[in-house]
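*Asks:* The amino acid sequence is not available; the structure is as follows:
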């Protein structure tokens, strides 16, 4: 039997956010503070990729124009243009993951549900995975470049 003098109860999920599926108010506040910065970096990455795409087109056009006259220099323009194109694609991917992360944070702030927290963290994981892979590739290229910078002059000196 229901007691008519009991206080009313509600099944609304966001009434007690501190216990909503393990999501605490500290987590919500941390995500709220992260959201604008994530969005800013996502926007900067997308804008940077647009400039890099324009640079790619410029390098490819410069390489195509100079192909007959300058030879190796034209090839360098084409190579740099391709590198810019690849970098712009990576920047777009990273920016998209940050936009997804920011959107998931927005949904999390509204719902405080564990599903939205999981989606936000998954988008963040994908962003950092790409950033980590790029870092490893650049470190390997730096080591190769360092070795080449040391070996090429030695090899030319012996000839």
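*Replies:* Nice, I can see it. Computed from a predicted structure; not experimentally measured.
*Asks:* And the strands in this structure?
*Replies:* With DSSP state E, there are no strands along the chain.
*Asks:* So what touches stretch 123-130?
*Replies:* 90, 93, 94, 97, 98, 100, 101, 104 (Cβ atoms under 8 Å, 6 or more residues apart in numbering). Heads up, the C-betas are built off the backbone N, CA and C, glycines and all.
*Asks:* neighbour-wise, which of those residues leads?
*Replies:* residue 101 (26 neighbours; other Cβ atoms under 10 Å).
*Asks:* can you pull the pLDDT of the closest residue to it other than its chain neighbours?
*Replies:* The shortest distance from residue 101 to any non-neighbouring residue, by Cβ to Cβ, 6 or more residues apart in numbering, is to residue 123 (3.9 Å). With respect to pLDDT, residue 123 has a value of 90.
*Asks:* what's the answer for residue 143, then?
*Replies:* Note on residue 143: pLDDT of 95.
*Asks:* Counting neighbours, what do you get for it?
*Replies:* Neighbourhood size, residue 143 [other Cβ under 10 Å]: 10.
*Asks:* where are the low-confidence patches of the chain?
*Replies:* Across the chain, the ranges flagged by pLDDT under 70 are 1, 9-21, 66-72, 159.
*Asks:* all helices of it, in order?
*Replies:* All helices of the chain, identified by DSSP state H, fall at 25-65, 67-70, 72-111, 114-158.
*Asks:* How about the contacts made by residue 34?
*Replies:* Residue 34 neighbours (Cβ under 8 Å, 6+ apart): residue 105.
*Asks:* any idea how far residue 90 is from the nearest residue to residue 92 once chain neighbours are set aside?
*Replies:* Excluding its sequence neighbours, the residue lying closest to residue 92 (Cβ to Cβ, 6+ apart) is residue 49, at 4.7 Å. Applying Cβ to Cβ, to the nearest Å, the value for residue 49 to residue 90 is 8 Å.
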